[in-house]
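1. Mind folding the following:
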Amino acid sequence: MTTGAARQVPPAGPPGRGARLPLAGLRLVQLHLASRRVPVAVAAVAACAAGLRIALHWPWDTYGAVQLPLVFEAASAAVIAVTTASPFGEPERVTGRWLPFLRLATALALTAVAAGALMAAGTGAHLTGGALDVLRNVAGLTGIGLLCAAVIGGGLAWAGPLAYMVVAAYELYAAWHGGALTTPWIWPARPPHDAGAAICAGLVFAAGMLVITVRGARDSTSVLSGRDE
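-> Residues are numbered from 1 along each chain as shown. All right, here's what the predicted structure looks like:
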């Protein structure tokens, strides 16, 4: 072998290194999902979907049927928002270079699971607003929860979707009595095909995803353990 040929031979890495890299990545994903309590969140979303399915078989007046999906949509969004809380606080944010991608993928996947589960729950039943309404409301409410996680912390982020649910429920009440506001920013009170409401919900969802991906929830180990900073 000539000297030139020897230079072209790539250096051999440690044995088994190529096989360990995918396993390490998979382990990282598993640890992230476990630390965010994602399996519990998926179970809670499934419970919301089951609750909606059961409730749709009950006799409701028209006003109750309009408000019913909003309750389960807000509950699912609150569950997703809580999963942004980190048990490690600032150290994880500083040392985890894959953390933004994991946060984005987790939030997107849970939102898709929640929307899909609630839409499936309404299949074959009279779901007011239909699938488009569910998709718009879940996305917008989740965006509110993610923004709240970045401001007040993941442990309290559930308050955002639930507070907005109260506002939206009042708006639905006002619409039922002929005194509704016309703003698309209260999108649950708008028709499913309202373009302005869909744009507003989409903007809030995109903003929440961007903030939670780049910054993450405003948590620290002392806050999550119940001690003052």
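2. low pLDDT regions in this structure?
-> The model of the chain has pLDDT under 70 over residues 1-25, 61-63, 88-96, 176-181, 220-229.
3. Secondary structure element for M119, which one?
-> Assigned by DSSP states H and E, M119 belongs to helix 99-121.
4. elements contacting that helix?
-> With contacts taken as 3 or more CB pairs under 8 Å, 6 or more residues apart in numbering; DSSP states H and E, helix 99-121 sits against helix 17-35, helix 38-56, helix 62-82, helix 130-152, helix 195-214. The C-beta positions use only the backbone N, C-alpha and C, and glycine is treated the same way.
5. and these, which is most packed in?
-> helix 130-152 (a mean of 25; mean count of other CB atoms under 10 Å).
6. now for it, which elements pack on it?
-> Counting contacts by 3+ CB pairs under 8 Å, 6+ apart, helix 130-152 is packed against helix 62-82, helix 99-121, helix 159-176, helix 195-214.
7. Mind putting these into CSV with distance to V29?
-> Shown next, in CSV, are the helices and strands packed on helix 130-152 (distance: least, CB to CB, whole Å):
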stretch, distance to V29
helix 62-82, 18
helix 99-121, 7
helix 159-176, 26
helix 195-214, 16
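8. Can I get the helix holding M119 as PDB, trimmed to CA atoms?
-> The C-alpha trace of helix 99-121 is given here as PDB (Å, rounded to 0.1, in the frame of the first residue of the first chain):
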ATOM      1  CA  LEU A  99     -34.100  19.900  23.500                       C
ATOM      2  CA  PRO A 100     -35.800  22.400  21.100                       C
ATOM      3  CA  PHE A 101     -36.500  19.700  18.600                       C
ATOM      4  CA  LEU A 102     -37.900  17.400  21.300                       C
ATOM      5  CA  ARG A 103     -40.100  20.100  22.600                       C
ATOM      6  CA  LEU A 104     -41.500  20.900  19.200                       C
ATOM      7  CA  ALA A 105     -42.100  17.200  18.200                       C
ATOM      8  CA  THR A 106     -43.800  16.500  21.500                       C
ATOM      9  CA  ALA A 107     -46.100  19.400  21.400                       C
ATOM     10  CA  LEU A 108     -47.000  18.800  17.700                       C
ATOM     11  CA  ALA A 109     -47.600  15.100  18.300                       C
ATOM     12  CA  LEU A 110     -49.800  15.600  21.400                       C
ATOM     13  CA  THR A 111     -51.800  18.200  19.600                       C
ATOM     14  CA  ALA A 112     -52.400  15.900  16.700                       C
ATOM     15  CA  VAL A 113     -53.300  13.100  19.100                       C
ATOM     16  CA  ALA A 114     -55.800  15.300  20.900                       C
ATOM     17  CA  ALA A 115     -57.400  16.600  17.700                       C
ATOM     18  CA  GLY A 116     -57.600  13.200  16.200                       C
ATOM     19  CA  ALA A 117     -59.000  11.600  19.300                       C
ATOM     20  CA  LEU A 118     -61.800  14.200  19.800                       C
ATOM     21  CA  MET A 119     -62.700  14.100  16.100                       C
ATOM     22  CA  ALA A 120     -62.900  10.300  16.300                       C
ATOM     23  CA  ALA A 121     -65.100  10.600  19.400                       C
END
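9. May I see the buried residues of it?
-> 99, 102-103, 106-107, 110-111, 113-119, 121 (16 or more other CB atoms under 10 Å).
10. Between helix 130-152 and that helix, find me the angle.
-> 150 degrees (axes from the mean of the first three to the mean of the last three CA atoms, to 10 degrees).
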